[in-house]
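> take this sequence and fold it.
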Amino acid sequence: MSNTLDTVAVSSSVGALLPLLTAIVQQPAWAPSVKRAVAVVVALIGGVVTVAGTGGLEQFTHGIPTLGALAAVLAASQATHDLVWKPSTITSKIETATSPKPVTSV
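As a prediction, the model looks like this:
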């Protein structure tokens, strides 16, 4: 039980910071549906890495705790993006800074 709670706690922490990393990959010109899909995929990958890192590979044999950890990463990433990172415009600034700049001809 304690291991499950530790995994969910770490998953929530990872999820809270994940929008900042996701913003590095995303581009300002992408459609909102594409950005959403990328965020969900990155959150699920982050969840799998978190579960493996906190509980080891044998953690994946326990379906409910693994699903809970994946859900915690996804929920935390979406919640912190909508409530913290997006209103502060940090993620949009990261997206702009890490996007390729158009080449201007002289």
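> toward the C-terminus, what is the element adjacent to the helix or strand bottoming out on mean pLDDT in the chain?
Least confident helix or strand, the chain: helix 2-25 with a mean of 86, by mean pLDDT, DSSP states H and E. Per DSSP states H and E, the first helix or strand lying C-terminal to helix 2-25 is helix 32-55.
> circling back: by how many degrees do the least confident helix or strand of the chain and helix 32-55 diverge?
140 degrees (axes from the mean of the first three to the mean of the last three C-alpha atoms, to 10 degrees).
> ok, residues contacting helix 2-25?
38-39, 42-43, 46-47, 50-51, 53-55, 59, 65, 68-70, 72-77, 79-81, 85, 90-92, 94-95, 98 (C-beta atoms under 8 Å, 6 or more residues apart in numbering). Heads up, the C-betas are built off the backbone N, CA and C, glycines and all.
> using PyMOL, make a named selection holding only the buried ones among those residues.
To isolate in PyMOL the members of the contacts of helix 2-25 that are buried, counting by 16 or more other C-beta atoms under 10 Å, one can use:
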select buried, resi 39+42+43+46+47+50+51+54+55+59+65+68+69+70+72+73+74+76+77+80+81+85+91+94+95
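> measure the nearest residue to P19 once chain neighbours are set aside to V25 for me?
Of all residues not flanking P19 in the chain, H81 sits nearest, at 4.0 Å (C-beta to C-beta, 6 or more residues apart in numbering). Look at H81 and V25: by C-beta to C-beta, to the nearest Å, they are 14 Å apart.
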